[in-house]
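When you get a sec, could you give me coordinates for this:
(one chain, ligands or ions: 1)
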Amino acid sequence: MIPYGKMTPQERRGEYERVSGEFADLKARGLKLNMARGKPGKEQLDMVSDLFELMRTPEEYVSDGVDVRNYGELSGLPAAKRLFADILGCRPEQVFVGGNASLQLMYDTVSKAYTHGLLHSPQPWCREKTVKWLCPCPGYDRHFMVTESFGFELIPVPMTAEGPDMDAVEQAIQDPSVKGMWNVPKYSNPDGIIYSAEVIRRIAAMKPAAPDFLLMWDNAYCIHEFEGDYVEFPDILSECARYGNEDMVFEFASTSKVTMPGAGISCFACSEANMEYLKKLLTIQTIGFDKVNQQRHVLYLKDKAHTLSLMKRHAAVLGPKFRAVLDALDREIAPLEIAQWQRPKGGYFISLNAMPGTARRTWELCREAGVTLTGAGATFPYGKDPADSNLRIAPSLPPVAELEQAIAIFCVCLKLSALEKLGV
Ligand code: PLP
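So this is what the prediction gives:
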């Protein structure tokens, strides 16, 4: 195969006709395939459904002397705190166990900063003239939407293979109106990269001009390897504490992709001073989260080692799906030199950079042929990718046979949009 950029106009014309024919055939099949969201597949959900066989005896409703069916324990069951602390490498006193979704806890933390201010805020953020927010991108669309919804000004920060561009971050935080930053430090959404030790050190050592700078550390994929062994990862709370920044960071995690999305448990972890401050606000908001589900998860997951053995079983399902996508891209796209992509070993996504100016067109062609992808641009603040290049592929939901069809269609659409861009 000749790279598209090196073809003669005549060769390109021939290729365009051939690929257009393939596209028409695929479209005529009337398929309906989805690679849009990082949802576990049915096989994974079936695998953990024995969760509901637990809690059949009265004794199982008691944890550390607490009847989990009753009010109490605002910050979560001690055993659930121990479980998350074990997984994240922090201390149980630093953990607040919440409800079914970490995104809700993230939204709520930003919301509290806005309405009440954080521990070190001179005033609630709603009284600030401008609030600016750092968004490493490509990144997670829902993060960006949270901070956009409060009217913050979103500042894109380029992602590198090691994490966010720290020169850009260190420069930006000299502005006191820059109040925070999103991070997905392990198997980032969508790049699937792991922040390097040096990037983590520089983040933990930051000296932002804002006294109430909020480092959002969304460790959503902390134990989500689908290839190879579990990769150890530093505890951001102690890293920040080492530089006198213990109150700067809030870490988040959940069991959404360990047990069931929307029916799992979530947590935030922070300094004890932050915990005291937030508990005073949270106790007005709720008497407590669902401790029955917390207990179910404690009994089911037990501890980090046992949870990691469950993650190996998820990996056995997810690994072949990611490999099917990467193999198709290597075979169909790599020789044409029209896109680059990452090769993650964990997380839920593959991030692909198409030829600039072709991502939206590729997305449209996929939709026409029955394949739903995350919207082009979604991985950037305000949904606008300045290069119109990044596309996020989520291979987890469809069974392998469907996924192979979906990625075949994706490759054809990528080729067509590149040929259109190069001129035929
Ligand atoms: N954070 C990241 C980076 C995600 O990719 C996702 C889901 O895709 C979530 C959070 C959502 O987590 P939860 O279900 O705990 O709200």
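
mind pulling up the phi and psi values for Cys267?
In terms of degrees, to the nearest 10, the main-chain angles of Cys267 are phi -150, psi 160.

Surely it and Val97 touch.
Yes - assessed by Cβ atoms under 8 Å, Cys267 is found in contact with Val97 at 4.9 Å. For glycine as for every other residue, the C-beta is placed from the backbone atoms N, C-alpha and C.

Can you give me the first-to-last residue distance of stretch 327-343?
Stretch 327-343 has an end-to-end distance of 11 Å (Cα to Cα, to the nearest Å).

any idea how far Pro78 is from Ala85?
10 Å (Cβ to Cβ, to the nearest Å).

what touches both of the two?
Pro92 (Cβ atoms under 8 Å, 6 or more residues apart in numbering).

Apart from its neighbours in sequence, what residue is nearest the residue of the stretch 301-424 of the chain found nearest the ligand?
Proximity of the stretch 301-424 of the chain to the ligand (Cβ to the nearest ligand atom) peaks at Tyr348, 6.4 Å away. Leaving aside its sequence neighbours, Tyr348 sits nearest to Gly38 (Cβ to Cβ, 6 or more residues apart in numbering; 3.4 Å).

Can you tell me which residues in the stretch 101-250 of the chain are near the ligand?
Taking Cβ under 6 Å from any ligand atom as the contact definition, the stretch 101-250 of the chain meets the ligand at 101-103, 140, 184, 189, 218, 220.

Point me to the residue sitting closest to the centre of the chain.
The residue lying closest to the centre of the chain (Cα atoms, centre = their mean) is Asn189, at 4.0 Å.

doesn't Pro344 make contact with that residue?
No - Asn189 is beyond contact range of Pro344, at 10.1 Å (criterion: Cβ under 8 Å).

All the helices of this structure, residue numbers only.
According to DSSP state H, the chain carries its helices in the segments 9-28, 42-47, 78-88, 102-115, 141-149, 166-172, 197-204, 236-242, 272-285, 291-301, 304-328, 359-368, 400-422.

need the ones you listed in JSON lines with mean neighbour count and mean pLDDT, can you?
Shown next, in JSON lines, are the helices of the chain (neighbours: other Cβ atoms under 10 Å; pLDDT from 0 to 100):
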{"stretch": "helix 9-28", "mean neighbour count": "14", "mean pLDDT": "97"}
{"stretch": "helix 42-47", "mean neighbour count": "15", "mean pLDDT": "98"}
{"stretch": "helix 78-88", "mean neighbour count": "22", "mean pLDDT": "98"}
{"stretch": "helix 102-115", "mean neighbour count": "20", "mean pLDDT": "98"}
{"stretch": "helix 141-149", "mean neighbour count": "19", "mean pLDDT": "98"}
{"stretch": "helix 166-172", "mean neighbour count": "16", "mean pLDDT": "98"}
{"stretch": "helix 197-204", "mean neighbour count": "18", "mean pLDDT": "98"}
{"stretch": "helix 236-242", "mean neighbour count": "20", "mean pLDDT": "98"}
{"stretch": "helix 272-285", "mean neighbour count": "14", "mean pLDDT": "98"}
{"stretch": "helix 291-301", "mean neighbour count": "22", "mean pLDDT": "98"}
{"stretch": "helix 304-328", "mean neighbour count": "17", "mean pLDDT": "98"}
{"stretch": "helix 359-368", "mean neighbour count": "20", "mean pLDDT": "98"}
{"stretch": "helix 400-422", "mean neighbour count": "21", "mean pLDDT": "97"}
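
need the ones you listed in TSV with distance to Gly383, can you?
Output for the helices of the chain, formatted as TSV (distance: least, Cβ to Cβ, whole Å):
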stretch	distance to Gly383
helix 9-28	26
helix 42-47	29
helix 78-88	31
helix 102-115	18
helix 141-149	7
helix 166-172	21
helix 197-204	26
helix 236-242	28
helix 272-285	30
helix 291-301	33
helix 304-328	24
helix 359-368	11
helix 400-422	19
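
Would you mind putting the CA coordinates of stretch 255-274 into PDB?
C-alpha atoms of stretch 255-274 as PDB (Å, rounded to 0.1, in the frame of the first residue of the first chain):
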ATOM      1  CA  THR A 255     -16.300   0.800  41.100                       C
ATOM      2  CA  SER A 256     -18.300   1.700  37.900                       C
ATOM      3  CA  LYS A 257     -16.000  -0.400  35.800                       C
ATOM      4  CA  VAL A 258     -15.200  -2.900  38.500                       C
ATOM      5  CA  THR A 259     -18.800  -4.000  39.200                       C
ATOM      6  CA  MET A 260     -21.600  -2.100  37.600                       C
ATOM      7  CA  PRO A 261     -21.700   1.500  36.200                       C
ATOM      8  CA  GLY A 262     -24.500   3.400  37.900                       C
ATOM      9  CA  ALA A 263     -24.900   0.700  40.600                       C
ATOM     10  CA  GLY A 264     -21.500   0.700  42.200                       C
ATOM     11  CA  ILE A 265     -19.900   2.900  44.900                       C
ATOM     12  CA  SER A 266     -17.700   5.900  44.600                       C
ATOM     13  CA  CYS A 267     -15.300   7.900  46.800                       C
ATOM     14  CA  PHE A 268     -13.300  11.000  47.100                       C
ATOM     15  CA  ALA A 269     -10.000  11.200  49.100                       C
ATOM     16  CA  CYS A 270      -8.600  14.300  50.600                       C
ATOM     17  CA  SER A 271      -6.600  15.800  53.500                       C
ATOM     18  CA  GLU A 272      -8.200  15.500  56.900                       C
ATOM     19  CA  ALA A 273      -8.700  19.300  57.100                       C
ATOM     20  CA  ASN A 274     -10.600  19.200  53.800                       C
END
